[in-house]
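In: Can you look at this prediction? I've put the sequence above it.
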Amino acid sequence: MSQPTISISNFLADDQLNKAQLLALIELAKKIKQTPADFNNALSGKSVVMLFEKPSLRTHVSFDIGINKLGGHALYLGQQNGKLGERERISDYAKNLSCWADIIVARVFKNSAIEALAQHASVPVVNALCDIYHPCQALADFVTLSENFVDLSSVKLAYVGDSNNVSNSLMIMASILGVDFTLVCPEGFGPEALIFNKAKSFAQGSGSTLILTDKVEEIGQQDAIYTDTWISMGDESLSDKNKIKDVLAKFYPYQVNHQMMTDTGASIVMHCQPAHLDEEITTELFDSDMCVAFQAAENRMWAQNAVLVALLAD
Ligand code: NVA
């Protein structure tokens with residue numbers, strides 16, 4: 001079956017896609033979800049290397065099973081070859097993988113490693129999470145939002161908690177798509193100025209509102225509330241236990257719970273998982289019908305499959 005031309009050569013960071021490309025990927029993800037049999041040869045004869053420097057459940061399994069559904073072959077590479085860049089240069093790693101693989105999917109500690117892989121690979125590279133971005137998650141989240149709200153462009157989304165890779169990707173994608181976005185983080189835990197300013201200029205272009213605040217009481221009316229862990233993988237600044245205690249104390253007023261849902265009028269709560277129950281989200285809310293975390297987890301696979309199909313179609 002012929003695939004739409006979305007014209008992407010890598011999937012590295014949300015800011016490298018325009019609104020038309022994002023909307024086309026969301027539509028393609030929904031199409032693959034509705035009629036998976038139409039796509040079961042899309043990756044026939046193709047191999048995807050999945051390189052993981054960090055732990056993963058959803059990303060690993062959703063890519064592996066998703067690639068299988070597209071008729072392709074997935075190869076998992078963990079840390080058996082040592083830390084990326086230690087045994088051999090990342091550039092050589094990328095060149096070697098390009099000899100055999102048709103796509104490289106990589107979860108890495110540093111964004112610079114993703115960039116080096118993309119620079120030296122002769123095949124497309126997909127960012128499966130780094131310290132700055134998590135674009136596969138954000139794409140799945142917008143697929144999920146578009147399933148829960150008729151008009152994506154009128155959705156109001158707020159992210160409450162630690163500004164991290166997940167919130168960066170959501171904020172940038174929301175701003176490109178024209179979705180109003182409010183980022184609520186404790187003082188000192190907001191986004192890097194560079195990332196926020198980038199999102200701000202996209203929001204100006206799309207005409208959406210982008211608000212950053214540390215005042216949780218100013219969150220306003222929202223349709224969806226999103227949260228993620230207060231301490232991300234590889235957060236080296238938090239290696240000592242006392243610092244972790246201080247962070248938790250600072251974050252508790254930002255916990256997403258039923259009261260916040262009532263106060264904001266939000267009808268759904270989102271979480272990329274793994275959830276740290278009774279920290280960033282209450283168990284009661286995570287287990288409630290308002291939580292779409294598992295719908296989004298399923299959509300990870302359909303969204304990623306759209307990316308893989310688009311990368312090989314162009
Ligand atoms: N912000 C989290 C996301 C996990 C999927 C982390 O980087 O650990």
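Out: Cool, got the structure.
In: in this structure, what residue sits furthest out from the centroid?
Out: Distance from the centre of the chain peaks at Asn242, with 29.6 Å (C-alpha atoms, centre = their mean).
In: which residues touch that residue?
Out: By C-beta atoms under 8 Å, 6 or more residues apart in numbering, no residues touch Asn242. Any C-beta I mention is one placed from the backbone N, CA and C, and that applies to glycine too.
In: Repeat that for Lys83.
Out: Glu53.
In: Likewise for Lys19?
Out: Lys19 touches 176-178, 206, counting by C-beta under 8 Å, 6+ apart.
In: again, 6 Å this time
Out: 176-177 (C-beta atoms under 6 Å, 6 or more residues apart in numbering).
In: For whatever helix or strand Thr262 lives in, give me every contacting residue.
Out: According to DSSP states H and E, Thr262 maps onto helix 258-264. Contact with helix 258-264 is made by 219, 222, 285, as judged by C-beta under 6 Å, 6+ apart.
In: Next: stretch 166-179.
Out: With C-beta under 6 Å, 6+ apart as the test, stretch 166-179 has contacts from 14-15, 19, 22, 132-135, 137-138, 153, 155, 157, 159, 181, 183, 195, 199, 202-203, 206-208, 210, 228, 272.
In: Need the phi and psi values for Ser163.
Out: phi -70, psi 120 (degrees, to the nearest 10).
In: starting at the chain centroid, how far to the helix ranked longest in the chain?
Out: Using DSSP state H to define each element, the chain has its longest helix at helix 293-313. For helix 293-313, the separation from the chain centroid amounts to 11 Å (computed by C-alpha atoms, centre = their mean, to the nearest Å).
In: Stretch 241-251 now?
Out: Relative to its parent chain, stretch 241-251 has a centroid offset of 25 Å by C-alpha atoms, centre = their mean.
In: Now that stretch: average pLDDT?
Out: Stretch 241-251 carries an average pLDDT of 85.
In: cool, stretch 81-98 as well?
Out: 92.
In: Over to stretch 181-196?
Out: 97.
In: now swap in stretch 297-314 and tell me
Out: 95.
In: what sits up against that stretch?
Out: If you take C-beta under 6 Å, 6+ apart as the criterion, stretch 297-314 is touched by 3, 6-8, 11, 25, 28-29, 32-33, 42, 58, 62-63, 66, 70, 124, 136, 139-140, 143-144.
In: from the residues you listed, which would you call buried?
Out: Burial by neighbour count, 16 or more other C-beta atoms under 10 Å: within those this picks out 3, 6, 8, 11, 25, 28-29, 32-33, 42, 58, 62-63, 66, 70, 124, 136, 139-140, 143-144.
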